[in-house]
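In: Sharing a model that was predicted from the sequence below.
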Amino acid sequence: MPLCAGSMTELNLVQAINVALKCAMSEDDRVLVLGEDVGINGGVFRATEGLFRLFGEQRVLDTPLAEASIAGVSIGLAAQGFRPVAEIQFAGFAYTCIDQILNHASRLRARTRGRLTCPMVLRSPVGGGIKAVEHHSESPEAMFAHIPGITVVMPSSPARAYGLLLSAIRDPDPVVFLEPTRLYHAAREDVTDDGKGIPLGQCVTLRAGRDVTIASWGAMIKEALEAADQLAADDIEVEVIDVATLKPLDSQAICKSVARTGRLVIVHEAPMTCGYGAEIAARVASRAMTNLLAPIERVTGYDTMMPYLRTEQYYMPSLNGVLAAVRRTMAYT
Amino acid sequence: MPDIEINASLTRMLDTNGKVVGNLPDFARDQTELLRLYRTLVLTRTFDTKAIALQRTGRLGTYASSLGQEAVAVGAAAAMRKDDALLPSFREHGGQLWRGVTPKELLLYWGGDERGNNFAGPRGDFPNCATVGSHLAHAVGVALAFRLRGEKRAAVCVFGDGATSKGDFAEALNMAGVWKVPAVFVINNNGWAISVPRAKQSAAETLAQKAVAAGFPGEQVDGNDVIAVRAITERALARARDGLGPSLIEAVTYRLCDHTTSDDASRYRDDAEVSRHWPAEPLARLRNFLTNSGFWDRDKEEALLRECNSAIEQAAAEYLATPAQPASAIFDYVYAEAPAELIEQREAANAFMRGQHD
């Protein structure tokens, strides 16, 4: 099947990532994929399945097991004009990359006044709900979003994963692309492999509603949409916004929505304190305070360690948690 | 693997008196090349003296001197081709000067102006790296890029003895070895990582031997012998260009200065130790060799000092006359294109700084 040629297939999220990688690599030979087990094995989640066969070992590089240096090597490649797409096997292993991303990737352009740049993508599965062993269910998006010069993206559906990843790879600056593991093999949808990117830095309104705005991202979009469905039966109209790009934040889209609904519920899986929801709440509080009819609600993970798999479900924000938060905001009129 | 060797006895071509003790490479018979090397050593030290003076008088930020270690970076850089890439640590001014970064650009950098990193000279070279050892992986990436494009170019990465204790060092060397990238890693082993002496940094007999674990050659060279440093680096670069992979060079030198202008080495180091190392310093050694070879005399020395002084004075004057970037420049180059939220912050900052903020 020709790549990027407009064929439409029903895909799950990890397959959409795979198709986007193939498309990006076929359209631009500066695009390289590197990481642990990304070669012949096709990645532990099969995101890079088939790439090695299609593009060969010069463009699909199995790395030694050294996450910090996977990021560091990508910086050197990017500064030399390549477009490396590095895979970190699980987000819990990505923390050692923060030195490279924060001290180098993010600021190479600024500290050389544009002489050297760093067009790289750091991909990693994120989030819980897949009964994984410890350190495999982390949600580090706020840590990355705190870094100036970085773009942080988290898709919530196969089609958006495809389009956002293409834009991330084409972006002239470093992008941290976080893929919700819980969605990898969940819902499938039609994805058109037409090479069209979805612009970064823009929220996507998935469902319009007049009463409450839910802003969420990644896997929690599922609960947000389910909550909207259920609340519709009680004549509560929920607007669901997929933030999609956390940084830079499209706060205008969220504030506009809140201006209509007057209520905001932020849903994310990461712990509450200094979670990205705090940033969104602060922006809305400063820009749309007078539109608010109710206090901003956050439905998040707890400020605990991500529990082991037998108690993981008690940590994860739930549909009921989202429903309750929406109803609390509706109590204000 | 027959090509791996640990050269426990360090390579030296000139003794401390400038007497030839090794097999001189061809470039060491070329007067022009020797004088270029010597001029860059002198220029580096002149720069160093001026930079410290500027810092002491509040006109430069914290500065890391390279006093006594000039031959490491100058020797390594002199072995490079123009289109190779240098990835320096923060003490490699001499290498940068050799490569064409100007003293004014260096002063801009140390004076706290990012434009100093946007040098007109070696456009592919990295700015110096302050987070110790984190740039070794960049060198692997740059070298990998050269290899993937089939270019006969190489990356040279310089860092201190302290950096060899980091995981970054082990990771980068390991990757470089696996991929056989055209990279040369040069340790400026100056005996001290701020206050921690070499003996407390590693129990390894040499730092060069750390290359063994990564599967490629490592060797020690007298880091105060610019001819030896250049010769050994040239050999490593030739090896890299031939597709034989990376090398590690431990240039053994001594930090005759404080760690930086913020440091006071007398708190942890005997003056007597420093005095003991002065006779081995690199400039006198090459000067003695040049004099013995009949290439050099007092008049030439004085003329060179005048020339270097005037070049550095002029650079300093130009640096001091360069206005700081405007406030709004802090928002430039964060991204290729500033996102809305950053534009908003920039406008708010501009308004605030114009006093129009209410």
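Out: Nice, thanks for sending it over. Every value quoted in this text rests on a predicted model; they were computed, and no experiment measured them.
In: All the strands of the stretch 201-350 of chain B, in order from the start?
Out: Secondary structure of the stretch 201-350 of chain B by DSSP state E, counting those that start in this stretch: the strands cover B:218-222, B:247-252.
In: likewise chain A?
Out: A:7-11, A:31-35, A:60-62, A:83-87, A:121-126, A:151-153, A:175-180, A:189-193, A:204-207, A:212-216, A:238-242, A:245-247, A:264-271, A:297-301 (DSSP state E).
In: what about the closest residue to chain B within chain A, neighbour count?
Out: With Cβ to the nearest Cβ as the measure, the residue in chain A that lies nearest chain B is A:Gly76; the distance is 2.0 Å. Every residue, glycine included, has its C-beta placed from N, CA and C. The criterion is other Cβ atoms under 10 Å in any protein chain shown. On that basis, A:Gly76 has 34 neighbouring residues.
In: if I look at the nearest residue to B:Pro25 once chain neighbours are set aside, how far off is A:Val191?
Out: Excluding the flanking residues, the one nearest B:Pro25 by Cβ to Cβ, 6 or more residues apart in numbering or on different chains is B:Ala231, at 4.3 Å. In this structure, B:Ala231 and A:Val191 are separated by 58 Å, where distance is defined by Cβ to Cβ, to the nearest Å.
In: ok, now A:Arg283?
Out: According to Cβ to Cβ, A:Arg283 stands 32 Å off from A:Val191.
In: And for B:Gly223?
Out: The span separating B:Gly223 from A:Val191 equals 58 Å under the rule Cβ to Cβ.
In: A:Asn18 too?
Out: Applying Cβ to Cβ, the value for A:Asn18 to A:Val191 is 10 Å.
In: on that earlier part again, compare A:Arg283 and A:Val191 (neighbour count), which wins?
Out: Higher neighbour count among A:Arg283 and A:Val191: A:Val191, with 24 against 17, using other Cβ under 10 Å.
In: Now do the domain split for chain B, please.
Out: Each structural domain of chain B that the record assigns through automatic domain parsing is listed here as a residue range: B:6-325, B:326-358.
In: For those domains, give me CSV that also has distance to A:Tyr95 and mean neighbour count.
Out: What follows is those, written out as CSV (distance: least, Cβ to Cβ, whole Å; neighbours: other Cβ atoms under 10 Å in any protein chain shown):
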stretch, distance to A:Tyr95, mean neighbour count
domain B:6-325, 13, 21
domain B:326-358, 23, 14
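In: Kindly reformat the ones you listed as CSV and extend each row with mean pLDDT.
Out: As requested, those are arranged in CSV below (pLDDT from 0 to 100):
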stretch, mean pLDDT
domain B:6-325, 97
domain B:326-358, 89
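In: C-terminal to the longest helix along chain B, what's the next element?
Out: Among the segments of chain B that qualify as a helix by DSSP state H, the longest is helix B:31-56. Under the assignment DSSP states H and E, the closest C-terminal helix or strand after helix B:31-56 is helix B:70-79.
In: Ramachandran coordinates for the residue nearest to B:Arg123 when sequence neighbours are not counted?
Out: Across the structure, with Cβ to Cβ, 6+ apart as the measure, the residue nearest B:Arg123 apart from its sequence neighbours is A:Arg115 (6.3 Å). A:Arg115 adopts backbone torsions of phi -70, psi -40, taken as degrees, to the nearest 10.
In: pLDDT value on A:Arg115, please?
Out: On pLDDT, A:Arg115 comes in at 98.
In: distance of it from A:Ala215?
Out: Where A:Ala215 is concerned, A:Arg115 sits at a distance of 38 Å (Cβ to Cβ).
In: Kindly report the same for B:Ala155.
Out: Computed as Cβ to Cβ, the B:Ala155 to A:Ala215 distance reads 44 Å.
In: Up against chain A, what does the stretch 201-350 of chain B have?
Out: If contact is defined as Cβ under 8 Å from any Cβ of the partner chain, the residues of the stretch 201-350 of chain B in contact with chain A are B:332-337, B:339-342.
In: same thing but 6 Å
Out: Applying Cβ under 6 Å from any Cβ of the partner chain, one finds that the stretch 201-350 of chain B approaches chain A through B:333-336, B:339, B:341.
In: For B:Val186, which of the strands of the stretch 201-350 of chain B is the nearest?
Out: Nearest of those to B:Val186, taken as Cβ to Cβ: strand B:247-252 at 4.8 Å.
In: where do the strands sit along the stretch 51-200 of chain B?
Out: With DSSP E, counting those that start in this stretch as the criterion, the stretch 51-200 of chain B has strands spanning B:85-87, B:155-160, B:183-189, B:192-193, B:196-197.
In: Where does chain B get nearest to chain A, residue-wise?
Out: Closest approach between chain B and chain A, counting by Cβ to the nearest Cβ: B:Gly141, at 2.0 Å.
In: which ones are touching that residue?
Out: B:Gly141 is in contact with A:73, A:75-77, counting by Cβ atoms under 6 Å, 6 or more residues apart in numbering or on different chains.
In: B:Thr62 now?
Out: Taking Cβ under 6 Å, 6+ apart as the criterion, B:Thr62 is in contact with B:260-262.
In: Leaving out the residues flanking it, which one is nearest to A:Leu51?
Out: With Cβ to Cβ, 6+ apart as the criterion, A:Leu51 has its nearest non-adjacent residue at 4.7 Å, and that residue is A:Val60.
In: got it, and A:Gly50?
Out: For A:Gly50, ignoring the flanking residues on the chain, the nearest one in space by Cβ to Cβ, 6+ apart is A:Gly42 at 6.5 Å.
In: Same check on A:Ser26?
Out: Ranked by Cβ to Cβ, 6+ apart and with sequence neighbours excluded, the top spatial neighbour of A:Ser26 is A:Leu3, at 4.2 Å.
In: where do the helices sit along the stretch 51-200 of chain A?
Out: Under the criterion DSSP state H, counting those that start in this stretch, the stretch 51-200 of chain A contains helices at A:51-55, A:67-79, A:98-103, A:108-111, A:141-145, A:158-170, A:181-184.
In: Nearest approach to B:Ala284 belongs to which of those helices?
Out: Evaluated over those, closeness to B:Ala284 peaks at helix A:108-111, with 36.2 Å, by Cβ to Cβ.
In: Identify all contacting residues around that closest one.
Out: Counting by Cβ under 6 Å, 6+ apart, helix A:108-111 makes contact with A:116-118, B:114, B:117, B:127, B:333-334, all of which sit outside it.
In: Mind doing that once more with 10 Å?
Out: Taking contacts as Cβ atoms under 10 Å, 6 or more residues apart in numbering or on different chains, the residues outside helix A:108-111 that touch it are A:75, A:78-79, A:103-104, A:114-120, A:148-149, A:172-174, B:109, B:114, B:116-118, B:126-127, B:138, B:329-336.
In: what separates B:Thr164 from B:Val132, distance-wise?
Out: With Cβ to Cβ as the criterion, B:Thr164 and B:Val132 are 10 Å apart.
In: Spit out the residues that contact these two alike.
Out: Listed as contacting both B:Thr164 and B:Val132 by Cβ under 10 Å, 6+ apart are B:Ala193.
In: residue contacts, A:Ile169?
Out: For A:Ile169, the contacting residues are A:20-21, A:23-25, A:27-28, A:30-31, A:33, A:83-85, A:119-121, A:123, A:175, A:177, A:197, by Cβ under 10 Å, 6+ apart.
In: rerun that using 6 Å as the cut-off
Out: Neighbour list for A:Ile169: A:24, A:85, A:121 [criterion: Cβ under 6 Å, 6+ apart].
In: what's the answer for B:Phe331, then?
Out: Counting by Cβ under 6 Å, 6+ apart, B:Phe331 makes contact with B:342, B:346.
In: ditto for B:Gln69
Out: Each residue near B:Gln69 by Cβ under 6 Å, 6+ apart is listed here: B:188, B:190, B:253.
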